[in-house]
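Enquirer: Have a look at this fold, sequence not included:
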């Protein structure tokens, strides 16, 4: 950061825009659980057929639950990527806004970079300290 502030580096925001994303109702009947019938087969061919059909139904249910878990996983990855975007780009963009005033002066560049480093890393250490304290 010191070198970037000394040289007068600025960042260009070319992150993709997600304003065209449309929110829709993809699961129209979520929350409504139908009454499931209770099947009692037996030891004969009827029990075998019922258990086979229940097995196929449970396989489809598990498959749908895995799809929901995958959606949650990708949403979590998206959130982590957005947090890293903010940390590495937006925070540095805020730092390099000062590059016009610090260009050519190594002392002020070092002070600004030290101050922003303490600010951006300090809150992490404070959170860790508070978690260890509690």
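Expert: Great, that's in hand. Computed from a prediction, not measured in an experiment: that's the story for all the values here. Numbers count the residues shown, from 1 in each chain.
Enquirer: Just after the helix or strand hosting residue 94, pick out the following helix or strand.
Expert: Secondary structure assignment for residue 94, by DSSP states H and E: helix 91-96. Using DSSP H and E, the helix or strand that follows helix 91-96 towards the C-terminus is helix 99-102.
Enquirer: Next, the buried residues of that following helix.
Expert: 99, 102 (16 or more other C-beta atoms under 10 Å). The way it works is simple: take the backbone N, C-alpha and C, and place the C-beta from them, glycine included.
Enquirer: helices or strands next to it in the packing?
Expert: Other helices and strands packing on helix 99-102, by 3 or more C-beta pairs under 8 Å, 6 or more residues apart in numbering; DSSP states H and E, are helix 2-7, helix 106-133.
Enquirer: for residue 97, what are its contacts?
Expert: If you count contacts by C-beta atoms under 8 Å, 6 or more residues apart in numbering, residue 97 has them with residue 10.
Enquirer: now it: how far from residue 116?
Expert: The gap separating residue 97 from residue 116 is 11 Å, by C-beta to C-beta, to the nearest Å.
Enquirer: and for the two, which residues touch both?
Expert: Listed as contacting both residue 97 and residue 116 by C-beta under 8 Å, 6+ apart is no residue at all.
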